[in-house]
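I need the structure of the sequence given here:
(chains A and B)
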2 protein chains.
Amino acid sequence: MTPATSLFTPVEADLQILAENLKQLVGNRHPILYAAAEHLFGAGGKRIRPAIVLLVSRATMLTQDITPRHRRLAEITEMIHTASLVHDDVVDESNMRRGVPTVHGLFGNRIAILAGDFLFAQSSWYLANLDNLDVVKLLSEVIMDLAAGEIQQGLNRFDTSLSTETYIEKSYYKTASLIANSSKAAGLLSEVSPERAENLYCYGRHLGLAFQIVDDILDFTSSTDTLGKPAGSDLKSGNLTAPVLFALEEKPYLEVLIEREFAQEGDLEQALRLVQDSQGIQRARELAAEHTKLAAEHIATLEPSASRQALINLTDYVLSRLY
Amino acid sequence: MTPATSLFTPVEADLQILAENLKQLVGNRHPILYAAAEHLFGAGGKRIRPAIVLLVSRATMLTQDITPRHRRLAEITEMIHTASLVHDDVVDESNMRRGVPTVHGLFGNRIAILAGDFLFAQSSWYLANLDNLDVVKLLSEVIMDLAAGEIQQGLNRFDTSLSTETYIEKSYYKTASLIANSSKAAGLLSEVSPERAENLYCYGRHLGLAFQIVDDILDFTSSTDTLGKPAGSDLKSGNLTAPVLFALEEKPYLEVLIEREFAQEGDLEQALRLVQDSQGIQRARELAAEHTKLAAEHIATLEPSASRQALINLTDYVLSRLY
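Here you go, the predicted structure:
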């Protein structure tokens, strides 16, 4: 059991049911989708997003069992996340993700686009059938944010004038919106107070931002083997993340290298060295730590339970990936 | 004014408001989407689907004006249709559609996938904000059907054992589902009886099927100029439609040509001639006529009005495209 999954002990049985359900839900309409579902929802996959939904569900339904609608919400969350990964891989022409072939790599452009569309469509349909308009609104906002985040990332490539605020906004769209809105939605299904729902949203928002910032740091500090993609690939593709944005404040030459899009031999290597030699990575770590701290504070407002503790521990786990 | 648009006289002013709203709704989040929206919702476009929604709205709100929610439903319908066209063009690698460059052709793969995702996401979001769960369910079913229909069409390429029933099912998913469910949804917003809602669904279903069958016939009978794509291109790509399925019952050699995927010089031309020499096109016309007749019968159950008459005339117009 990896450190990530041992955090999920309170919902381990729930996650097994979820994995089986997802394969059946997605695969039952077409053989090709069945193959994609087996691939997407089979072995591997950390299932952090549905685990958070299930933990929030259990942490807000202390005296009662969680309902089938809580489980369905967790499944929808994973379907939306997976749909966005499938389309990201098409857009980025990625044939591998974390060492495993992508749907794009296995089945080609056509099936990957349609499978992603089908997953988004199916998640909207299951969402509507939760019979809770507020939950439908929260999660459709997420689907819109995911598309907007991906578009914004494309528009901002190699733009060294990008502000930290815009970086945080993009990270919210790409990563934190799903965690924030699905945490809040789980609370709404448990009929929590509006104030508590807001705390759940803030927990998810800050955890999601920390998660994205840590991912962005790992792109600089991990080996290619660990990442399953070349280290420094964000920078190479012009996706300017926290470590670079902070480094730019200290190293003016970094701007020159980025603005010419690493056109000359050795530019990328030199840029990576400038980031390493700056306070960029350290300052990004501090930014991630601020967000995990805020996440922990928001979730601490719930009554104590094993699930609440797991949600608190998750904030430490996110930072621990850096060490 | 073309024959199609003169049918829409009762909702002409509504359609102008719709065109302006669509450009604003879609374009306000990102400049690149603004460009795509200008392109997609600007000049041209027959807007048959939102026109049907608006006509059904007016035909079911006889004594009162239609509501902002009826208008929003019409806009959502066009957004869903447009999103599916944008992704179809990526999947089929089409750079032109009806003589106009596609989003894929103008902006490339990446933006076309993301713009389609964004349109689907935005339509789900506006849908949720109609605050009517039944309408949300009907339209999310449509988005799922569109993806399923496209996948099914891909799987059935060059499959000469395709039954007419499967062809009708695929045509329902690809074309009729949107018209049927949005017509019913417009009725629900007008608070019609369940029986009347079912009649509206059946009107849309039969009209949509007739529409698709006629489109499939035109692929054989129109000139390349009229179509904006090479005539016979469905058959060439292995998309077996009504005229071919009927022709296969008379011309066994057609099966040979299709099953070898027109591998030999002159195969496609010979196959097109076999279809022309058969009763296939005539039988497909009769099938389309049956469906327009059923559509007209279902809509005739509404009280008489200019909008009801336009919906009836539309069934004749669909067939008139063949002559």
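
buried residues in the top helix by length along chain A?
Longest helix in chain A by number of residues, with DSSP state H as the criterion: helix A:194-221. Residues of helix A:194-221 classed as buried: A:196-197, A:199-217, A:219-221 (neighbour count, 16 or more other CB atoms under 10 Å in any protein chain shown). All C-beta atoms are positioned from the backbone trio N, CA, C, and that covers glycine.

isn't A:His87 up against A:Gly116?
Yes - applying CB atoms under 8 Å as the test, A:His87 and A:Gly116 come out as touching, 4.2 Å apart.

shared neighbours, these two?
B:Asp117 (CB atoms under 8 Å, 6 or more residues apart in numbering or on different chains).

so does stretch A:221-241 get close to chain B?
No - judged by CB under 8 Å from any CB of the partner chain, stretch A:221-241 stays clear of chain B, getting no closer than 11.9 Å.

that stretch: end-to-end distance?
Stretch A:221-241 has its terminal residues 13 Å apart, counting by CA to CA, to the nearest Å.

which residues does it contact?
Contacts for stretch A:221-241 (CB under 8 Å, 6+ apart): A:92, A:94, A:96-100, A:153, A:156-160, A:162, A:167, A:213, A:216-220, A:244, A:258, A:261-262, A:268, A:271-272, A:275, A:281, A:284, A:322.

for A:Arg47, what are its contacts?
A:8, A:15, A:18-19, A:78.

need the pLDDT of it.
In the predicted model, A:Arg47 carries a pLDDT score of 90.

and it, what are its phi and psi?
phi 50, psi 40 (degrees, to the nearest 10).

any figure for the gap between A:Glu286 and chain B?
31 Å (CB to the nearest CB, to the nearest Å).

poorly predicted segments of the stretch 151-300 of chain A, please.
Scanning the stretch 151-300 of chain A for pLDDT under 70 picks out A:224-229.

ok and the residue in it nearest chain B?
A:Ile151 (5.0 Å; CB to the nearest CB).

is that residue in contact with B:Ile113, as I believe?
No - taking contacts as CB under 8 Å, A:Ile151 lies outside contact range of B:Ile113: 10.2 Å.

more neighbours: these two, which one.
B:Ile113 (27 against 24; other CB atoms under 10 Å in any protein chain shown).

skip the chain neighbours and tell me the closest residue to the spatially most central residue of chain A.
Centroid-nearest residue in chain A, with CA atoms, centre = their mean: A:Thr175, separated by 4.0 Å. Nearest non-adjacent residue to A:Thr175, counting by CB to CB, 6 or more residues apart in numbering or on different chains: A:Gln212, 4.1 Å away.

so who does the one you found touch?
If you count contacts by CB under 8 Å, 6+ apart, then A:Gln212 has A:171, A:174-176 around it.

cool, A:Val142 as well?
Counting by CB under 8 Å, 6+ apart, A:Val142 has contacts A:80, A:177-178, A:181-182.

again, only using 10 Å
Each residue near A:Val142 by CB atoms under 10 Å, 6 or more residues apart in numbering or on different chains is listed here: A:76-77, A:80-81, A:84, A:123, A:127, A:173, A:176-182, A:185, B:121, B:124-125.

ok now the helix or strand harbouring it, how far from the chain's centre?
Applying DSSP states H and E as the criterion places A:Val142 in helix A:133-155. Per CA atoms, centre = their mean, to the nearest Å, the displacement of helix A:133-155 from the mean C-alpha position of its chain is 13 Å.

stretch A:210-217 now?
The answer for stretch A:210-217 is 10 Å, by CA atoms, centre = their mean.

so what secondary structure elements neighbour the helix or strand containing A:Leu55?
Assigned by DSSP H and E, A:Leu55 belongs to helix A:48-60. In this structure, helix A:48-60 packs against helix A:3-6, helix A:12-27, helix A:68-91, helix A:177-189, helix A:194-221, helix A:280-299, helix A:306-320, with contacts taken as 3 or more CB pairs under 10 Å, 6 or more residues apart in numbering or on different chains; DSSP states H and E.

8 Å - rerun?
helix A:12-27, helix A:68-91, helix A:177-189, helix A:194-221, helix A:306-320 (3 or more CB pairs under 8 Å, 6 or more residues apart in numbering or on different chains; DSSP states H and E).

deepest of those helices, which one?
With neighbours defined as mean count of other CB atoms under 10 Å in any protein chain shown, the helices and strands packed on helix A:48-60 peak in mean count at helix A:177-189, which reaches a mean of 27.

contacts for that helix?
By CB under 8 Å, 6+ apart, the list of residues contacting helix A:177-189 reads A:49, A:52-54, A:56-57, A:60, A:67, A:69-70, A:73-74, A:76-77, A:80-81, A:130, A:132, A:134-135, A:138-139, A:141-142, A:145-146, A:149, A:172, A:196-198, A:200-205, A:207-208, A:211.

can you tell me how far A:Ile113 sits from chain B?
Taking CB to the nearest CB, one finds A:Ile113 at 6 Å from chain B.

now for that residue: which residues touch it?
A:87, A:90, B:87, B:90-91, B:113 are the contacts of A:Ile113 under CB under 8 Å, 6+ apart.

switch to 10 Å and redo it
If you count contacts by CB under 10 Å, 6+ apart, then A:Ile113 has A:86-87, A:90-91, A:103-104, B:87-88, B:90-91, B:109, B:112-113, B:116-117, B:147, B:150 around it.

please report how far it lies from B:Val100.
From A:Ile113 across to B:Val100, the span is 21 Å (CB to CB, to the nearest Å).

next: A:Glu259.
Applying CB to CB to A:Glu259 and B:Val100 gives a distance of 36 Å.

in this structure the residue nearest to the centre of chain A contacts A:Asp215, no?
Yes - counting by CB atoms under 10 Å, A:Thr175 sits close enough to A:Asp215 to count as a contact (7.8 Å).

leaving out chain neighbours, which residue sits closest to A:Ala51?
A:Phe8 (4.6 Å).

perfect, I'm done here.
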